[in-house]
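Undergrad: Sequence plus predicted model, see below.
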Amino acid sequence: MTVKSEQTRQLVAGVALRMFREIGFAKTTMRAIAAEAGVSVGNAYYYFASKDDLVQELYLQVQADHAARAAEALEDAVDLTGRLKATLHTGLDAMAPYHRFGGDFIATAIRPTSPVNPFAAGSTAAREASLAIFRTAVEAAKPPAPKKLRSDLPELLWLCYMAVTLFWVYDTSEGQQRTRRLVDGAVPLITRGLSLVRMPGVGRILDDFLSLSRSIRS
């Protein structure tokens with residue numbers, strides 16, 4: 001792709017994401033995006049075959065914003081509880097501009113066959129970017145997470161993050177404070193639960209749990 005072509009692509013993407021924030025996903029059309037960007041409709045479709053492709057751009061932008069926010073917040077967080085709280089709260093911060101229209105995105109993404117489903121092949125880049133944030137949170141924690149869990153933990157925490165995101169979409173409290181309270185209350189429970197892994201007799205149960213978890217994620 002030439003420099004000019006990439007600039008046009010970024011222009012179309014930037015306009016689309018701004019319109020998603022301002023008027024919502026449902027009301028944003030490819031024709032309106034093209035008009036706002038000052039390009040032909042055909043040109044807009046050349047770079048993005050549909051609005052679904054632009055949702056993938058949204059995912060990537062949100063993950064990039066989340067990664068930057070998390071990196072700064074994690075500088076002052078040492079233990080896993082603090083690092084996980086920082087990671088989840090900065091994720092909510094990155095998503096905040098889209099909360100009014102979160103239901104629109106969920107309605108599109110919830111279908112198993114949707115190309116913008118977070119678990120779909122088309123979402124791999126954004127999903128891996130998000131997983132990388134949780135890996136960073138886990139790998140640098142002191143004291144370290146239990147060794148038996150360490151490799152699986154980032155993905156398990158990411159799945160928890162998906163559940164928190166769904167709660168956040170339907171959270172109508174001011175500034176989504178109920179979701180913030182959920183994070184602050186749930187994280188210590190998670191990290192205290194992890195400490196039980198070191199207790200005698202728990203290892204076999206954990207092995208069974210991890211085996212089940214891996215089987216349904218493969």
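TA: Yep, that arrived.

Undergrad: From now on I want contacts and neighbour counts done on CA atoms only, so please keep to that.
TA: OK.

Undergrad: residues touching the spatially most central residue of the chain, list them.
TA: The centroid of the chain falls nearest to Ser130 when counting by Cα atoms, centre = their mean (5.4 Å). Counting by Cα atoms under 8 Å, 6 or more residues apart in numbering, Ser130 makes contact with 63, 67, 158.

Undergrad: So for it, what's the pLDDT?
TA: Per-residue confidence (pLDDT) for Ser130: 96.

Undergrad: Thr2 too?
TA: For Thr2, the predicted pLDDT is 83.

Undergrad: tally of neighbours for it?
TA: 7 (other Cα atoms under 10 Å).

Undergrad: what do you get for the one 10 residues further on?
TA: By the other Cα under 10 Å criterion, the neighbourhood of Val12 contains 25 residues.

Undergrad: Hmm, it is touching Ile33, no?
TA: Yes - if you go by Cα atoms under 8 Å, Val12 and Ile33 touch, sitting 6.9 Å apart.

Undergrad: which neighbours do those two share?
TA: Applying Cα under 8 Å, 6+ apart, one finds that Val12 and Ile33 are jointly contacted by Ala44.

Undergrad: Most neighbours among the contacts of Ser130, which one?
TA: Ranking these using other Cα under 10 Å puts Gln63 first, with 24 neighbours.

Undergrad: list the contacts for that residue?
TA: Counting by Cα under 8 Å, 6+ apart, Gln63 has contacts 94, 126, 129-130.

Undergrad: if we go to 10 Å?
TA: By Cα atoms under 10 Å, 6 or more residues apart in numbering, the residues touching Gln63 are 57, 69, 91, 94-95, 125-133.

Undergrad: okay, those residues in CSV with distance to Glu174 and secondary structure next?
TA: Converted to CSV, those look like this (distance: Cα to Cα, whole Å; DSSP: H, G, I helix; E, B strand; the rest coil):
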residue, distance to Glu174, secondary structure
Glu57, 28, helix
Arg69, 22, helix
Gly91, 17, helix
Ala94, 17, helix
Met95, 15, helix
Ala125, 32, helix
Ala126, 28, helix
Arg127, 28, helix
Glu128, 31, helix
Ala129, 29, helix
Ser130, 26, helix
Leu131, 28, helix
Ala132, 30, helix
Ile133, 27, helix
